[in-house]
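> sequence and predicted structure below; questions after.
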Amino acid sequence: MKALSIQSKPVYDSARQGSSGLRELREIGKYRYLLGQLIKRDLTTRYKRSVLGVAWTMLNPLGTMIILSVVFSRLFGAEGNYPVYVLTGLTAWNFFSQGTNAAIGNLVWGGSMLNRIYIPRTIFGVSAVGTAFVNTIIALVPLVLVMLATGASLHPAMLFLPVPIILLACFTLGWGLFLSSVAVFFPDVAEMYQLLLTAWMYLTPIIYPESMPMAATLQKIFPFNPMYWMVKNFRIPVLEGRLPTLAEFWPAAAFGLGMLVIGWLFFTSKSDEYAYRV
Amino acid sequence: MLTVSEIETTVPDLQPAADTAIQLDDVAVQYRLPTERIGTFKEFAIRFLQRRIAFTHFWALQGVDLNIKRGEVFGIIGNNGAGKSTMLKVISGVLLPKRGRVRVYGKIAPLLELGAGFHPELSGRENVYLNGSLLGYDKEEMEAVYDDIVEFAELKPFMDAPIRTYSSGMYARLGFAVATAHVPEILIVDEVLSVGDEAFQNKCKDRMKSFQEQGATVLLVTHGLETIETMCDRAMWLDHGKVRLIDEPSAVVAAYRGENL
């Protein structure tokens, strides 16, 4: 056993200085093994008691897509490949809704942990989005299968997909951190958010085409909806086989990175209060 | 914004003695409890506009000065609500004190309460790694001590079973084994020695003694006054968030008994 070293600088000092946002970033780096463990835990325990296990990550969006296709393809499917259209939208949307919900749930769950031992407070939000990220990667498999089954061609532009997925992850993390810090103070926010998510999903062209004539008023508010840009950048390489233009790309980048910075700073500026609250 | 109360941290700049493990200067922790529970946003908004949010301020710790030396086994006693757990939270960095300064010289290994941080669906093995990572260890550090953990917890045949099938004694043994797998610089023990049978309790005590011999600092919170007397070098009596006495364990226990029994 090694002898304990003598330290002259405190390992922990309550009067430590510096920006809490940056300090938290360093702490996440230090605790990256815990981050991996938390993601692994979420992935393995989710389906632990089901027979098909992780296959549900693929079967779930696939099933929803089939239902929506049967119900709506007459109505919306006049142009293009409706199953692929709706599946791309769902994949992006599920990332967002799962990630943000898990971020809220994890902080409330993790509250008991945060109250007992020191761990970086953002780690639950980051691991929630990390889990959603892995699930989305898995969900790309049924997307490719549906593309092949419906005769769509796999375009080289799809290699661009990691970029919109990462921007979506940034947006999801920022928004999830913001929401979860508000939810610590007002638990009702978690319930309200389910309603907001439903409304938000119908305001975003996920299951209906963007150019739908009856959605003329909706089209006016699309540009203010971050998820509109996220979904759009995810769809263009898959459906149109091209890269997004700069005009299509920069709002997604601005919303994604902007929300991440705002959410991170908001969360960390409040994080010393959480142990008093949760 | 919201109900965030301001945190005033004054900074006493005196350097503590060189052999200090934990230094507290004039530490105070205040909980702010709404007089009535306000759970919804709507209620909060209405009351905020009417300026009718009343809080009870409650000092969980007040003016605590403390210096714990490296290698000491330090006991804390006090009635329920005296601030013992708050004290541990302030030291382990969970709570930021409202006033004063906490300095800790060394890595802290907290002993989690029974089963906290275990996931029932994961196997014993998976939980060892998860729990170790919550305590801040990385993969290599956990792999190095995995066999020791299993042996100490006496759970070799059960490591691949989901932990929900464990008895509470098995939970506690595994938790203690993980938290004490590495010789910590500072070990925080909160009431956990009261679990498990006597043989295991003795094993725990032996392990803590060996930590002490290797220079670790141990902070022990318990209601078991005998444990304080037999294991500690010094003890503190906390009463309503204030330090009543810091002295030899026998003197502190006698004073505490004199008032409470």
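Arrived safely.
> and the residue in the stretch 151-261 of chain B that chain A sits nearest to, which of the three is it?
Using C-beta to the nearest C-beta, B:G215 is the residue of the stretch 151-261 of chain B that sits closest to chain A, at 4.6 Å. Every C-beta, even on glycine, is put in place using the N, C-alpha and C of the backbone. Under DSSP: H, G, I helix; E, B strand; the rest coil, B:G215 falls in the coil class.
> that one touches B:K69, doesn't it?
No. Under the criterion of C-beta atoms under 8 Å, B:G215 is not in contact with B:K69, lying 10.8 Å apart.
> so those two - more neighbours on which side?
Neighbour tally, B:G215 and B:K69, criterion other C-beta atoms under 10 Å in any protein chain shown: the higher count belongs to B:G215, 17 against 14.
> quickly note the distance from that one to B:G83.
28 Å (C-beta to C-beta, to the nearest Å).
> and if you look at A:D42?
Where B:G83 is concerned, A:D42 sits at a distance of 35 Å (C-beta to C-beta).
> those two: who's more crowded?
B:G83 (24 against 19).
> and for the nearest residue to that one once chain neighbours are set aside, the neighbour number?
The shortest distance from B:G83 to any residue other than its chain neighbours is 4.3 Å, reached at B:G241 (C-beta to C-beta, 6 or more residues apart in numbering or on different chains). Neighbourhood size, B:G241 [other C-beta under 10 Å]: 21.
> kindly report the same for the one 4 residues further on.
In terms of burial, B:L245 registers 16 neighbours under the definition other C-beta under 10 Å.
> now do the contacts for it.
B:M236, B:W237, B:A251, B:V252, B:A255, B:Y256 (C-beta atoms under 8 Å, 6 or more residues apart in numbering or on different chains).
> which of the residues you listed are buried?
Taking 16 or more other C-beta atoms under 10 Å in any protein chain shown as the criterion, what is buried in the contacts of B:L245 is B:M236, B:W237, B:V252, B:A255, B:Y256.
> which ones among the residues you listed map onto strands?
B:M236, B:W237 (DSSP state E).
> okay, the buried ones among the contacts of B:L245 in a markdown table with distance to B:V102 next?
Below are these laid out as a markdown table (distance: C-beta to C-beta, whole Å):
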| residue | distance to B:V102 |
| --- | --- |
| B:M236 | 15 |
| B:W237 | 20 |
| B:V252 | 22 |
| B:A255 | 26 |
| B:Y256 | 24 |
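> nearest to A:M227, of the buried ones among the contacts of B:L245?
Relative to A:M227, the closest of the buried ones among the contacts of B:L245 is B:M236; by C-beta to C-beta it sits at 54.9 Å.
> does any part of stretch A:196-215 sit near chain B?
No. Using C-beta under 8 Å from any C-beta of the partner chain, stretch A:196-215 stays clear of chain B, coming no nearer than 12.5 Å.
> which helix or which strand is home to the closest residue in space to A:Q219 that isn't next to it in sequence?
Nearest in space to A:Q219, with sequence neighbours left out and distances taken as C-beta to C-beta, 6+ apart, is A:E210 at 7.3 Å. Using DSSP states H and E, no element contains A:E210; it sits outside every helix and strand.
> need the contact list for A:E210.
Per C-beta under 8 Å, 6+ apart, neighbours of A:E210: A:Q219, A:F222, A:K232.
> could you verify that B:F58 is part of a strand?
Yes. Counting by three-state DSSP, B:F58 is part of a strand.
> in contact with the nearest residue to it once chain neighbours are set aside, which residues?
Nearest residue to B:F58, sequence neighbours excluded (C-beta to C-beta, 6+ apart): B:Y31, at 4.8 Å. Listed by C-beta under 8 Å, 6+ apart, the contact partners of B:Y31 are A:Y276, B:H57, B:F58, B:A60.
> a markdown table for these, including distance to B:E154?
What follows is those, written out as a markdown table (distance: C-beta to C-beta, whole Å):
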| residue | distance to B:E154 |
| --- | --- |
| A:Y276 | 39 |
| B:H57 | 48 |
| B:F58 | 43 |
| B:A60 | 38 |
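> those, buried ones only, as a PyMOL selection?
Selection of the buried residues among these in PyMOL, burial being defined by 16+ other C-beta under 10 Å:
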select buried, (chain A and resi 276) or (chain B and resi 60)
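> show me which pair in the contacts of B:Y31 is furthest apart.
Going by C-beta to C-beta, the pair spanning those furthest: A:Y276 and B:H57, at 12.2 Å.
> whatever helix or strand B:Y146 lives in near chain A anywhere?
Secondary structure from DSSP H and E places B:Y146 in helix B:139-153. Yes. Using C-beta under 8 Å from any C-beta, helix B:139-153 reaches chain A at B:K139.
> all strands of chain B, in order?
With DSSP E as the criterion, chain B has strands spanning B:20-34, B:55-69, B:73-77, B:99-104, B:108-110, B:186-190, B:217-221, B:234-239, B:242-247.
> weakest of those by average pLDDT?
Between the strands of chain B, the lowest average pLDDT goes to strand B:108-110, which shows a mean of 79.
> can you list the residues that contact that one?
Applying C-beta under 8 Å, 6+ apart, the contact partners of strand B:108-110 are A:11-12, A:116-118, B:88, B:91-93, B:135, B:179-180, B:182, B:184-188, B:190.
> contact residues of the stretch 51-200 of chain A facing chain B?
A:112-119, A:182, A:185-189, A:192.
> report the distance from the helix holding B:Y146 to the chain centre.
22 Å (C-alpha atoms, centre = their mean, to the nearest Å).
> elements contacting it?
Other elements packing on helix B:139-153 under the criterion 3 or more C-beta pairs under 8 Å, 6 or more residues apart in numbering or on different chains; DSSP states H and E are helix B:124-134, helix B:168-179.
> for chain A, which spans come out with low pLDDT?
Along chain A, the model assigns pLDDT under 70 to residues A:1-8, A:16-19, A:77-79, A:109, A:213-214, A:277-278.
> residue boundaries of the strands in it?
A:12-13.
> can you give me the helices in it?
Applying DSSP state H to chain A gives helices spanning A:20-30, A:32-46, A:55-76, A:82-114, A:123-149, A:162-185, A:188-203, A:216-221, A:226-235, A:246-277.
> close to chain B, is the last one?
Just to be clear, that refers to helix A:246-277. Yes. Counting by C-beta under 8 Å from any C-beta, chain B has neighbours in helix A:246-277: A:K270, A:D272, A:E273, A:A275, A:Y276.
> hang on, the earlier thing: which of the contacts of strand B:108-110 are buried?
A:12, A:116-118, B:88, B:91-93, B:135, B:179-180, B:182, B:184-188, B:190.
> next one, pLDDT for B:G196 please.
pLDDT, read off for B:G196, is 65.
> an error on my part: the question was meant for B:F176.
Model confidence at B:F176 (pLDDT) stands at 84.
> that one touches B:C204, doesn't it?
Yes. Shown here, B:F176 and B:C204 form a contact pair, counting by C-beta under 8 Å, at 5.9 Å.
> please identify the buried residues of stretch A:99-117?
Across stretch A:99-117, burial judged by 16+ other C-beta under 10 Å covers A:99-104, A:106-108, A:110-111, A:113-117.
> list the contacts of stretch A:120-136.
Under C-beta under 8 Å, 6+ apart, the answer for stretch A:120-136 is A:24, A:27-28, A:30-31, A:34-35, A:38-39, A:42-43, A:57, A:91, A:94-95, A:98-100, A:102-103, A:105-107, A:109-110, A:114, A:165, A:169, A:172-173, A:176-177, A:180, A:264, A:267-268, A:271, A:274.
> identify the residue nearest the geometric centre of chain B.
With distances taken as C-alpha atoms, centre = their mean, the residue of chain B nearest its centroid is B:L88 (4.2 Å).
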